[in-house]
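Colleague: whatever this is, show me its structure:
(one chain, ligands or ions: 2)
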Amino acid sequence: MPHVITSLCMREGSCATVCPVDCIVPGNPQDQYPTYYIDPETCIDCGACVFECPYSAIFPKEDVPSSYTAKGGERISMPLGTKDCNETFEVVDHAGNPIQLKSTRTLAAGEILDLTPAIEANAAYFASGPGYGK
Ligand code: SF4
Ligand code: SF4
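Modeller: Ligands and ions are numbered 1, 2, ... in the order given. Reported below is the predicted structural model:
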């Protein structure tokens, strides 16, 4: 079972710096693939990335919540054009570079969210998307 990066990812890149098998990449083009992605065929489930993520965006595949209960104030980042995700959010990545996320939404406390679409999104990025063959 690989690990999965969900839409809670704010693309600041720390996880990729600790992965021992280099299976975490930034989505490209960013507008279409706004988070980082884990190659499920290469991930060895070491768990190092989970502890590195300041946004608690990474889960083992079997634990990706289908009913995530928001604390309130955290964000999801989605492909540009996603309905209701029209807040721009600026972060500084792990290397000190500014990152602008164009399609985010702030979650309300107690809001319930299904994060499991990220399982397919991570797999598809490498199986048929821009990560194929890399
Ligand atoms: S669990 Fe380990 S191998 Fe898998 S993506 Fe995270 S750091 Fe890489
Ligand atoms: S550490 Fe978390 S927020 Fe940063 S790129 Fe990885 S999953 Fe995204």
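Colleague: next, give phi and psi for Asn122.
Modeller: Main-chain dihedrals, Asn122, degrees, to the nearest 10: phi -70, psi -50.
Colleague: sorry, slip of the keys, the one I care about is Glu120.
Modeller: According to degrees, to the nearest 10, Glu120 has phi -70, psi -40.
Colleague: for burial, what's the neighbour tally of it?
Modeller: 11 (other C-beta atoms under 10 Å). Glycine gets a C-beta too; all of them are placed from N, C-alpha and C.
Colleague: from Leu80, how far off is it?
Modeller: Glu120 sits 19 Å away from Leu80, going by C-beta to C-beta, to the nearest Å.
Colleague: could I get the full set of strands for the chain?
Modeller: 3-5, 24-26, 36-38, 58-60, 68-69, 75-77, 87-92, 98-106, 112-113 (DSSP state E).
Colleague: just send these back as a markdown table, with distance to ligand 2 and mean neighbour count too.
Modeller: Formatted as a markdown table, those follow (distance: least, C-beta to the nearest ligand atom, whole Å; neighbours: other C-beta atoms under 10 Å):
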| stretch | distance to ligand 2 | mean neighbour count |
| --- | --- | --- |
| strand 3-5 | 5 | 25 |
| strand 24-26 | 7 | 20 |
| strand 36-38 | 4 | 26 |
| strand 58-60 | 5 | 20 |
| strand 68-69 | 15 | 16 |
| strand 75-77 | 9 | 24 |
| strand 87-92 | 8 | 13 |
| strand 98-106 | 9 | 16 |
| strand 112-113 | 16 | 14 |
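Colleague: how about the residues of this protein near ligand 2?
Modeller: Within the chain, the positions adjacent to ligand 2 are 5, 9-15, 35-36, 52-53, 55, 57-58 by C-beta under 6 Å from any ligand atom.
Colleague: so where's the chain shaky on pLDDT?
Modeller: 134 (pLDDT under 70).
Colleague: quick one, helices of it?
Modeller: 14-18, 48-52, 117-127 (DSSP state H).
Colleague: got phi/psi on Val21?
Modeller: The phi/psi pair for Val21 (degrees, to the nearest 10) is phi -120, psi 10.
Colleague: tally of neighbours for it?
Modeller: Residues near Val21, counting by other C-beta under 10 Å: 10.
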